[in-house]
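Peer 1: Can you look at this prediction? I've put the sequence above it.
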Amino acid sequence: MVILAIVAFALVNAVLEEALYRGVLQSELTVTLGVVPAVLIQAVGHGLAHAHGYPSGWAGAVMAGSWAVVLGVLRHRTKGILAPYLAHVCADAAIGILAVTLLRS
């Protein structure tokens, strides 16, 4: 049941974050500022939004921001959000399952 909840969270969280950061923010910024600034700005926003996650603070923000650069480049290269969405789901699910596994042992 816990694994199902983790996967459900990953599916919903990824669609929301990909739609916002790569779907809307990066797309709009690419038109006005170009690809590189758009990828970097959405990554900073994504990173700062995760500053209160785990790990918290700058470490969490930098980790999430770095991952957002990868997702942003993937979004640009594939010209869509399906690939970054799938990568995001896999990462969130893996992190959740790993965390639960470590907490149980």
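Peer 2: The structure has been received and is ready for your questions.
Peer 1: for the closest residue to residue 46 other than its chain neighbours, what are its contacts?
Peer 2: Closest residue in space to residue 46, ignoring its immediate chain neighbours: residue 68 at 3.7 Å, by C-beta to C-beta, 6 or more residues apart in numbering. The way it works is simple: take the backbone N, C-alpha and C, and place the C-beta from them, glycine included. Residue 68 is in contact with 21, 42, 43, 46, 47, counting by C-beta atoms under 8 Å, 6 or more residues apart in numbering.
Peer 1: Same check on residue 78?
Peer 2: Counting by C-beta under 8 Å, 6+ apart, residue 78 makes contact with residue 84.
Peer 1: Which of the helices or strands spans the residue nearest to residue 46?
Peer 2: Per DSSP states H and E, residue 68 falls inside helix 57-78.
Peer 1: how about that helix as CSV, C-alpha atoms only?
Peer 2: This file holds the C-alpha atoms of helix 57-78, laid out as CSV (Å, rounded to 0.1, in the frame of the first residue of the first chain):
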residue,chain,number,x,y,z
GLY,A,57,18.2,24.5,2.9
TRP,A,58,20.7,25.3,0.2
ALA,A,59,21.7,21.6,-0.3
GLY,A,60,18.2,20.7,-1.2
ALA,A,61,17.7,23.7,-3.4
VAL,A,62,21.0,23.0,-5.3
MET,A,63,20.1,19.4,-5.7
ALA,A,64,16.6,20.1,-7.0
GLY,A,65,17.9,23.0,-9.1
SER,A,66,20.5,20.8,-10.7
TRP,A,67,18.0,18.1,-11.5
ALA,A,68,15.7,20.8,-13.0
VAL,A,69,18.5,21.8,-15.4
VAL,A,70,18.6,18.2,-16.6
LEU,A,71,14.8,18.2,-17.0
GLY,A,72,14.9,21.6,-18.7
VAL,A,73,17.5,20.4,-21.2
LEU,A,74,15.5,17.2,-21.8
ARG,A,75,12.4,19.3,-22.4
HIS,A,76,14.2,21.5,-24.9
ARG,A,77,15.8,18.6,-26.7
THR,A,78,12.6,16.6,-27.0
